[in-house]
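In: I would like the atomic coordinates for the input below:
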Amino acid sequence: MKNPDREWLKKRLMNAAVIIMAAFSMLLLRFVYLQVVEGDEYRRLSENNCIRLQSIPASRGLIYDRNGKLLVDNIPSFDLKIVLQDANPIDETIEKLSSFTSIPVEELMERVDAGRKVSIYKPLLLKRNITRDQLAVVEAHGFDLPGVKVDVEPMRNYIYKKSAAHVIGYLGEINSQEIENNTYPDVRSGDSIGRYGAEKAFEDILRGKRGGRQIEVDASGRLVRVINTVEPIPGKNVLLTIDADLQQKVEAIMEDKTGAVVAVDPSNGEVLAMVTVPSFDLNDF
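Out: So this is what the prediction gives:
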């Protein structure tokens, strides 16, 4: 006579065994698929490629006078950079780069030595705004310069050069102390911030928010494909109370003199012109 309890237990064990066998079969099939079918592709990715995050700087806001005349805009800057992890042997790569671009080895190595303390995986700025001839030669010798690349980033352009220089102000590279103290959130080593005048006073408004992209690179650090992109948010524009035409007229009157002149609208206190002589060319910074 059959025992009902024993039969029930036997049936449950058989069902469990079938489920376990099915699960192991699925795992085995997946393993075979990854190893055999997709094996070469994943081997290529693991040996020659890696995924990295790349920062995209935000375009800085523009500066206008009270009548909407453009005083400050942005132009492209060709910035020479290097990823130390991809540049081995570094000394040889730097020597080749120097010979191609005529940038002194000492100048390049000074940047490299400073960059070793930060990160060997992040792009290190070697020289800002190289010439188009230097850009062409770097691109032409890309295979001889592993880890070396040129990024196109916005650079400040002060349209009237010396006009309203003390009012508009200029930018300067952020220093290590400001980075450690997080004085300017979302600003990284190599970035520029307002150092004087309106550029400094409206830094938070003009700066914008950086974006980024997830990329796949090969063993030499060259871009293979872009996986995902988060677009940067441009900075907001600033409208000054300065009247550019009046500013230039006062500057013409003060030419070859030393001193300062301020023109104010008596009805509301807005500054229409602010001239200090001698002045300086903002683009020199």
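In: Against Met254, how distant is the closest residue to Glu255 other than its chain neighbours?
Out: Spatial nearest neighbour of Glu255, chain neighbours left out: Val277 (7.7 Å); criterion: Cβ to Cβ, 6 or more residues apart in numbering. Bear in mind the C-beta positions are built from the backbone N, C-alpha and C, glycine included. Separation of Val277 from Met254 (Cβ to Cβ, to the nearest Å) stands at 5 Å.
In: What count of nearby residues applies to Pro154?
Out: Using other Cβ atoms under 10 Å, Pro154 is surrounded by 17 other residues.
In: Model confidence score at it, please.
Out: Pro154 is assigned a pLDDT of 88 by the prediction.
In: Checking it next. Helix, strand or coil?
Out: With DSSP: H, G, I helix; E, B strand; the rest coil as the basis, Pro154 sits in strand.
In: Nearest spatial neighbour of it, chain-adjacent residues omitted?
Out: Using Cβ to Cβ, 6+ apart, the closest residue to Pro154 is Asn74 (3.9 Å).
In: go on, Asp191?
Out: Ile174 (5.5 Å).
In: Contact partners for that neighbour?
Out: By Cβ atoms under 8 Å, 6 or more residues apart in numbering, the residues touching Ile174 are Tyr184, Val187, Arg188, Ser189, Gly190, Asp191, Ser192, Ile193.
In: and if you look at Ala165?
Out: Contacts of Ala165 (Cβ under 8 Å, 6+ apart): Tyr158, Gly197, Thr276, Ser279, Phe280, Asp281, Leu282.
In: Could you tell me which of the residues you listed count as buried?
Out: Applying 16 or more other Cβ atoms under 10 Å to these, the neighbour count classes Tyr158, Gly197, Thr276, Leu282 as buried.
In: So which of those is the closest to Asp218?
Out: Tyr158 (39.9 Å; Cβ to Cβ).
In: so how far is Ser279 from the closest one?
Out: 11 Å.
In: hmm, back to that, mind putting the buried ones among the contacts of Ala165 into TSV with pLDDT and distance to Val83?
Out: Converted to TSV, the buried ones among the contacts of Ala165 look like this (pLDDT from 0 to 100; distance: Cβ to Cβ, whole Å):
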residue	pLDDT	distance to Val83
Tyr158	95	32
Gly197	94	35
Thr276	92	44
Leu282	88	32
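In: does the residue nearest to Pro154 have beta-bridge partners, and which?
Out: Arg156 (DSSP bridges).
In: thought it was touching Met155?
Out: Yes: assessed by Cβ atoms under 8 Å, Asn74 is found in contact with Met155 at 6.5 Å.
In: so which strand or helix has Tyr184?
Out: Under DSSP states H and E, no helix or strand contains Tyr184.
In: what residues are up against it?
Out: Ile174, Glu178, Ile193, Glu203, Arg207.
In: hmm, try it at 7 Å
Out: Ile174, Glu178, Ile193 (Cβ atoms under 7 Å, 6 or more residues apart in numbering).
In: Let's see which of those residues end up in helices.
Out: Glu178 (DSSP state H).
In: CSV for the contacts of Tyr184, including pLDDT and distance to Arg111?
Out: Shown next, in CSV, are the contacts of Tyr184 (pLDDT from 0 to 100; distance: Cβ to Cβ, whole Å):
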residue, pLDDT, distance to Arg111
Ile174, 87, 16
Glu178, 86, 19
Ile193, 91, 19
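In: one step back: among the contacts of Ala165, which are in strands?
Out: Using DSSP state E, Tyr158, Thr276 are the members of the contacts of Ala165 that sit in strands.
In: in this structure, which spans are helices?
Out: 4-32, 39-48, 90-101, 105-115, 132-140, 165-168, 176-180, 197-201, 203-207, 244-253.
In: who wins for proximity to Ile56 among those?
Out: helix 203-207 (13.9 Å).
In: Put the alpha carbons of the closest one into PDB.
Out: Taking Å, rounded to 0.1, in the frame of the first residue of the first chain, the C-alpha atoms of helix 203-207 are listed here in PDB:
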ATOM      1  CA  GLU A 203      30.500  84.800 -11.500                       C
ATOM      2  CA  ASP A 204      27.600  82.600 -10.300                       C
ATOM      3  CA  ILE A 205      25.300  84.000 -13.100                       C
ATOM      4  CA  LEU A 206      27.800  83.900 -15.900                       C
ATOM      5  CA  ARG A 207      29.400  80.500 -15.200                       C
END
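In: Now do that helix, average pLDDT.
Out: 94.
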